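Q: How does the following fold in three dimensions:
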Amino acid sequence: MNLIRTTSDNSDFQNLVIQLDAYLKILDGEDHEFYANFNKTSGLKHVVVCYENGIAIGCGAFKEYETEIAEIKRMFTLPEHRGKGIAKAILSELENWAKEIKYSFSILETGYLQVDAIHLYTKLGYEVIENFGQYIGVENSVCMKKMLK
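A: Residues are numbered from 1 along each chain as shown. Predicted coordinates for the structure are as follows:
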């Protein structure tokens, strides 16, 4: 497994995001267009792509939400590679990168149907918080936060 730091211009990241969006379109159903509005990837400066044997198998990113808060975005692992600790490695790399540039917290939003993701985030120290920003009042959203040490 090899992690690289890059930007949203990375073609492997872009290809993984296409697969992520196809997966979420099925999972989110009618709500997909609402969420898609907040998941634009152009201009992301902090992207991690995971490679195995030279093939991109997972990704994640963050962007500034507020001065001390990084928002985790676009976490995805190809289905055939899940259960190998890839998402954990990507998230850890994103958190380390955010700490390097002095963010104190990371936040994220996921859907309540993404049980595996919620379990992973909880296991890695994220706590459920009130929905933030555009997710306030959205019943299908689960928002989480973690202090970066």
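Q: quick one: furthest residue from the center of this protein?
A: Most distant from the centre of the chain: N53, at 22.6 Å, with distances by Cα atoms, centre = their mean.
Q: Would you check how far apart that one and I72 are?
A: For N53, the distance to I72 equals 26 Å [Cβ to Cβ, to the nearest Å]. Using the backbone N, CA and C atoms, a C-beta is placed for each residue, glycine as well.
Q: And C50, by the same measure?
A: 15 Å.
Q: now do I90
A: Distance from I90 to I72, by Cβ to Cβ: 10 Å.
Q: Name the residues contacting each of the two.
A: Shared contacts of I90 and I72 (Cβ atoms under 8 Å, 6 or more residues apart in numbering): G60.
Q: what about the chain, any weak spots by pLDDT?
A: Applying pLDDT under 70 to the chain flags residues 27-41.
Q: again, 90 this time
A: 21-43, 111-114, 138-140, 149 (pLDDT under 90).
Q: quick one, helices of it?
A: Applying DSSP state H to the chain gives helices spanning 11-28, 32-36, 86-100, 115-123.
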